[in-house]
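Q: below: sequence and its predicted model.
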Amino acid sequence: MNINPDKCVACGNCTYVCPMGAIYIDPQTRRAAINRDECVECHACYNGMSQEHLNPVLVRAIRRVFQILRVRFDPEPDVCPTAAFEPEELTWPRLVRRAFSDPRVPHESTGVEGRGTEEVKTNDVTGRVKVGEVGFTIEFGRPGVGVWMREIQEMCWALAKAGVSFEKKNPVTSLMTDLATGTLREEILNEKVLSAIVEIKTTVDRTEEIIRLVWEVEKRIDTVVALGVGTRCDADGEDRIVAPILEKLGYRLERAKTNIGLGRAGSRPAPEMRAEAISR
Amino acid sequence: MTNTLHRFGDAASFHDDYIVFAIPSRGNNDADSVPKLRRFLELALPFQPVNLGDARHGGALRPSRSMNPTAHWNRDVKPDFAAVIAGLNAPTTAAAVFDNRPAAEDFVKAVVAADLGLSVNISTSIEGAEQCCDAAGICRHSVGYSLGFEGKTEHLPHADVLKISTMCGHGMVSASLAKKMIDWVKEGRRTPQQAVTYLQRFCSCGVFNPSRACRILEEARTRTR
C-alpha cells in the first residue's frame, strides 16, 4: 500500500484504522507514512475508509488555521479526505501478505475468502471431520497482533514431527514444500500476515497431546494463538467426547460455531425454487 | 474463515449475538449457490436482522468511494439490506446477524423449511445454538469450539476493546479505532450509535453486530478501568 504524499493532509485518521498500527505521521515530511515491515497489506485503510476527493492544498490551509486558533478539528474518523491511499501492484513473496490479510481476496489454493478454509462449516457436505476425529484450527496473529511466517513454521515443524496430517485444502498447507516435515517455502518466512490458520486432523484420543504440544510451541513464538477444535456430533446432536477433554484441560467452552447439518452435495434446487422455475 | 468464532466475551455476553450463515462447499455444491444464498438472506428479513452481509462485498453499511463533503452532516447510517442481497453475485458466505434468540430461532426454522441444500452454521454461545436447534427440531451435525486466545496475550488490548474489535474476526476493525470510539463515547463526542456506524463499515463480511457493539460502548462509558 502506498500513501500519495501530494494528496495526504496528515489528518491522522488512518493511523487509528490500521489493524497493525503500521501507519504514522512522519514529523519530517508531515505526511502519513507506512512502516512497510509491519504493514500486512490487509487493505483495511483503502477498503474500510470512506474517501472524499477534497483539494489537499485547501484542506491543509484550513487545518493550519484551525490549529493556530486551537480549534479542535473533529472530522469523521473513518474518512480519508483526499483519497490518498493507492494500492500497489504486489509481487512475490510480498503477495503472501495480502493473500492472508485481506479477507476479500480469495486464496488461490482453495478459492475461499478470509483465511481460506471451510473447516467444519461444510462438514455436513465434505465429511472432513468424521466420528472419532478432531479437526484443529490453530490460528496465529489473531486478533490484531499479526504473525511472521517463520513463527508459523515453528508450529508446523512441531506438528509434523508429531505425525499429524495437515489439511490439504488449506492456504498454509499449500505453501509447504514438504508435507512430511511441515516445511514452508523459504522465501515467505520473512513475510508478516494479519493471521493464518494451520489446520490438522487427528483421532480423538490425541486431542490432549496435540493441545499440550501447541502450548509448548506458543511459548517460543511472539504472537497470540486462537485455537479452534471441531468435531462431529452424535446422532442425537451431542458431543460427549471432545468437550469433556477440553474442559479437563482447563478450557471454559463459551462459544462455538454449530453446523446444523442442512448441506448436501450436488446442485438440486431448493423445493421452493423448483416450484418457482416450474411456474415460470 | 473463522471470522465469527473467536469473539471475545463469556457465554452471557453473547445473549444478543446470533450469527447464522450459509456457505457453499467449493466443488461440491457451489455451482448454483448464488440464488440460494440470496434466498437465505431474503428469508432473514422478516425477523429483523441487525446486519446482513456477504464475504466478498461486506455488510449492510459500507464505506463510500466518493463521499460528498456534505455527508459529514448528512451521512447514510441506515443499513441497506436490499443492496446486500442484490449485490451478492458469486459463491461466498452469506450471514445474517440477530440481537435476540427468538428472532434467530425463527430464522433457523425458516431456513430449515426452505431446504436450500447449503451448509448452515450458527455462531453464538454453545447453549444459544443448541436452543436454536431445539426450536427448529433438528440436531447439531458438527461443532467447532473456540478455546479463546492464548500464547503471548500480553500483546492484546483491554477487554472492552477486544469485545468490539473481535466482532470482525478478520481483524478489519482495528483495536486502535475501537479504543478511540470508546474514548469518544466517554468524552461525549459521539453517541454509541454514531460510533458504531464508523466501526461497522470496516467489517468486510457483514458479521459485525452493531447492537452488541452499542451495548458494549454504553457499558464502557462508565467503566473505570
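A: Nice, thanks for sending it over. Numbering: from 1, shown residues only, chains lettered A, B, ... in the order given.
Q: going along the chain, name the strands of the stretch 151-280 of chain A.
A: Assigned by DSSP state E, counting those that start in this stretch, the strands in the stretch 151-280 of chain A fall at A:165-166, A:176-178, A:183-184, A:192-193, A:196-203, A:224-232, A:255-259.
Q: so which of the ones you listed is the most packed in?
A: With neighbours taken as mean count of other CB atoms under 10 Å in any protein chain shown, the strands of the stretch 151-280 of chain A reach their highest mean count in strand A:255-259, at a mean of 28. For every residue, glycine as well, the C-beta is placed using N, CA and C.
Q: quick one: contacts of that one?
A: For strand A:255-259, contacts defined as CB atoms under 8 Å, 6 or more residues apart in numbering or on different chains pick out A:120-124, B:2, B:4-7, B:9, B:11, B:14, B:119-126, B:129-130, B:133, B:140-146.
Q: re earlier: could you tell me the least trusted of the strands of the stretch 151-280 of chain A?
A: Sorting these by mean pLDDT places strand A:165-166 lowest, at a mean of 91.
Q: got the end-to-end distance for stretch A:242-257?
A: Using CA to CA, to the nearest Å, the end-to-end distance of stretch A:242-257 comes to 15 Å.
Q: ok, back up a step: and A:Cys80, which of the strands of the stretch 151-280 of chain A is closest to it?
A: A:Cys80 lies closest to strand A:192-193 among these, at 23.4 Å (CB to CB).
Q: where does pLDDT dip in the stretch 151-280 of chain A?
A: Scanning the stretch 151-280 of chain A for pLDDT under 70 picks out A:267-280.
Q: and with 90 instead?
A: A:165, A:168-169, A:265-280 (pLDDT under 90).
Q: likewise for chain B?
A: B:1-4, B:10-12, B:26-27, B:66-77, B:169, B:223-225.
Q: how about the helices in it?
A: B:33-44, B:81-87, B:101-114, B:126-136, B:159-165, B:175-187, B:192-200, B:210-222 (DSSP state H).
Q: same question, the stretch 1-150 of chain A
A: Along the stretch 1-150 of chain A, the segments classed as helices by DSSP state H, counting those that start in this stretch run A:13-17, A:44-48, A:56-68, A:95-101, A:123-126, A:149-161.
Q: any bit of the first one sitting next to chain B?
A: Yes - among the residues of helix A:13-17, A:Thr15, A:Tyr16, A:Val17 lie within reach of chain B under CB under 8 Å from any CB of the partner chain.
Q: of the residues you listed, which is the most crowded?
A: If you count neighbours using other CB atoms under 10 Å in any protein chain shown, the busiest of these is A:Val17, which has 25 neighbours.
Q: can you list the strands that the longest strand along chain B pairs with?
A: Across chain B, the longest stretch assigned as strand under DSSP state E is strand B:142-151. As defined by DSSP bridges, the strand partners of strand B:142-151 come to strand A:224-232 (antiparallel), strand A:255-259 (antiparallel).
Q: same question for it: list its buried residues.
A: B:Ser142, B:Val143, B:Gly144, B:Tyr145, B:Ser146, B:Leu147, B:Gly148, B:Phe149, B:Gly151 (16 or more other CB atoms under 10 Å in any protein chain shown).
Q: of these, which is the nearest to A:Glu167?
A: For these, the nearest to A:Glu167 is B:Gly144 (13.3 Å; CB to CB).
Q: okay, now the unreliable bits of the stretch 1-150 of chain A?
A: A:67, A:70-75, A:103-120.
Q: of all the strands paired with strand B:142-151, which one comes closest to A:Glu76?
A: Taking the strands paired with strand B:142-151 one by one with CB to CB, strand A:224-232 is closest: 31.0 Å.
Q: can I get that closest one in CSV, CA atoms only?
A: The C-alpha trace of strand A:224-232 is given here as CSV (Å, rounded to 0.1, in the frame of the first residue of the first chain):
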residue,chain,number,x,y,z
VAL,A,224,-1.2,-14.9,20.0
VAL,A,225,-2.9,-18.1,19.1
ALA,A,226,-6.6,-18.7,18.7
LEU,A,227,-7.3,-22.4,19.0
GLY,A,228,-10.4,-23.9,17.5
VAL,A,229,-11.4,-27.6,17.9
GLY,A,230,-14.0,-29.1,15.6
THR,A,231,-15.8,-32.4,15.9
ARG,A,232,-18.7,-34.4,14.5
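Q: next, the angle helix A:149-161 makes with that strand.
A: Orientation of strand A:224-232 against helix A:149-161 (axes from the mean of the first three to the mean of the last three CA atoms, to 10 degrees) gives an angle of 40 degrees.
Q: centre of the chain to strand A:224-232, how far?
A: Here the centre of strand A:224-232 is set off from its chain's centre by 14 Å, with CA atoms, centre = their mean, to the nearest Å.
Q: same check, this time on stretch B:36-52
A: Counting by CA atoms, centre = their mean, stretch B:36-52 comes out at 13 Å from the chain centroid.
Q: check stretch A:179-187 too.
A: How far stretch A:179-187 lies from its chain's middle: 20 Å, per CA atoms, centre = their mean.
Q: what's that stretch in contact with?
A: A:92-93, A:149, A:152-153, A:156-161, A:166, A:172-173, A:175-177.
Q: distance to B:Arg38 added to the strands paired with strand B:142-151, as TSV?
A: TSV is the format used below for the strands paired with strand B:142-151 (distance: least, CB to CB, whole Å):
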stretch	distance to B:Arg38
strand A:224-232	28
strand A:255-259	21
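Q: the ones you listed: which one's closest to A:Glu191?
A: Here strand A:224-232 is closest among the strands paired with strand B:142-151 (CB to CB), at 18.2 Å.
Q: how many degrees apart are that closest one and strand A:196-203 in direction?
A: Using the same axes, to 10 degrees, the direction of strand A:224-232 lies 40 degrees away from that of strand A:196-203.
Q: show me what contacts the residue nearest to B:Ala44 when sequence neighbours are not counted?
A: Distance criterion CB to CB, 6 or more residues apart in numbering or on different chains; nearest residue to B:Ala44, sequence neighbours excluded, is B:Ala96 at 3.7 Å. With contacts defined as CB under 8 Å, 6+ apart, the neighbours of B:Ala96 are B:Ile19, B:Val20, B:Phe21, B:Phe40, B:Leu41, B:Ala44, B:Phe47, B:Pro49, B:Asn51, B:Leu52, B:Phe107.
Q: for B:Ala96, name its beta-bridge partners.
A: B:Val20, B:Leu52.
Q: again, but for A:Phe136
A: Here A:Phe136, judged by DSSP bridges, has bridge partners A:Ile200, A:Val229.
Q: tell me how many other residues crowd it.
A: For A:Phe136, the neighbour count with other CB under 10 Å is 26.
Q: again, but for A:Asn4
A: For A:Asn4, the neighbour count with other CB under 10 Å is 14.
Q: residues touching it, list them.
A: Applying CB under 8 Å, 6+ apart, we find A:Asn4 in contact with A:Ala84, A:Phe85, A:Glu86.
Q: who's in contact with the spatially most central residue of chain A?
A: Centroid check for chain A by CA atoms, centre = their mean gives A:Ser195 as the closest residue, at 4.0 Å. A:Ser195 is in contact with A:Phe100, A:Ser101, A:Arg115, A:Glu139, A:Phe140, A:Gly141, A:Arg142, A:Pro143, A:Gly146, A:Val147, A:Ala226, B:Gly171, counting by CB under 8 Å, 6+ apart.
Q: with A:Thr29 instead?
A: By CB under 8 Å, 6+ apart, A:Thr29 lies in contact with A:Pro5.
Q: my guess is A:Leu159 contacts A:Lys201. True?
A: No - A:Leu159 is beyond contact range of A:Lys201, at 11.0 Å (criterion: CB atoms under 8 Å).
Q: still on that earlier bit, so which of the helices of chain B gets nearest A:Ser50?
A: Short answer: helix B:192-200, nearest of the helices of chain B by CB to CB, at 9.5 Å.
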